[in-house]
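**Student:** make a model of this:
(one chain, ligands or ions: 1)
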Amino acid sequence: MRITVLVFILASTFVAFRRPPAPAQGAQAQPQEGPPAKEALQKEALQKVCGACHALERVTASRRSRAQWDETMDKMISLGAKGTEEEFAAIMAYLIRWYGRVNVNVATAGEIAEVVGLSEKEAEVIVKYRREKGKFDDFEALSKAPGVAVEKLKKSRDAISF
Ligand code: HEC
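**Tutor:** Next up is the predicted model:
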């Protein structure tokens, strides 16, 4: 009898250790769609620092260029906005990415990429074309430039100025 119990215990231990391995990383459920962690932190900083005095709608009511956001930040700081340097940097990055505006006729590829959501390489196509053929008159001219990521640009149309 005792031996039967012992064998049973040993057998179940064996089985327990032989459980199939957990599914590989790639097979597991993907994290839910949503803003990446960095962006969530940026938004948190925005809510904390800029939400202290007024509704965030006030902040997000209009798109601005980097220079305009810089000015707005300085103005808010002079009005009493409080935050760490990291928080202000995070807020700037967030505002430029989601509420930015960029002039494709003067901006560098990096500046275009950060506002319009293109890769640097895709933005480089715009800059190269501009250098060779001159400034773009309007969105239509921009979207006709060969190799330009038109679909992505359409999504950010209101962020682009000429
Ligand atoms: C200490 C209070 C305070 C904080 C904190 C604050 N603001 Fe303001 N904000 C104001 C006041 C007061 C006004 C209205 C002043 C005006 O319209 O000239 C305003 C207006 C604005 C406007 C619209 C007017 C304009 O100048 O463009 C924007 C955009 C804005 N704030 C952005 C921000 C951002 C971004 C932050 C966070 C970095 C922030 N605010 C944090 C007090 C604050």
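
**Student:** give me every residue in this protein lying close to the ligand.
**Tutor:** Counting by C-beta under 6 Å from any ligand atom, the positions of the chain adjacent to the ligand are 49-50, 52-54, 58-59, 72-73, 75-76, 79-81, 91. Backbone N, C-alpha and C define where each C-beta goes, glycine included.

**Student:** one more time with 5 Å, if that's ok
**Tutor:** Where the chain comes near the ligand, counting by C-beta under 5 Å from any ligand atom, the residues are 49-50, 52-53, 59, 76, 79-81.

**Student:** just the element for the nearest residue to Phe88 once chain neighbours are set aside, please.
**Tutor:** Spatial nearest neighbour of Phe88, chain neighbours left out: Met73 (6.5 Å); criterion: C-beta to C-beta, 6 or more residues apart in numbering. When elements are assigned from DSSP states H and E, Met73 belongs to helix 66-79.

**Student:** which neighbouring elements make contact with that helix?
**Tutor:** With contacts taken as 3 or more C-beta pairs under 8 Å, 6 or more residues apart in numbering; DSSP states H and E, helix 66-79 sits against helix 85-99.

**Student:** how about the strands of this protein, start to end?
**Tutor:** Under the criterion DSSP state E, the chain contains strands at 102-103, 160-161.

**Student:** by contact count, what packs against the first one?
**Tutor:** What that stands for is strand 102-103. Counting contacts by 3+ C-beta pairs under 8 Å, 6+ apart, strand 102-103 packs against helix 109-116, strand 160-161.
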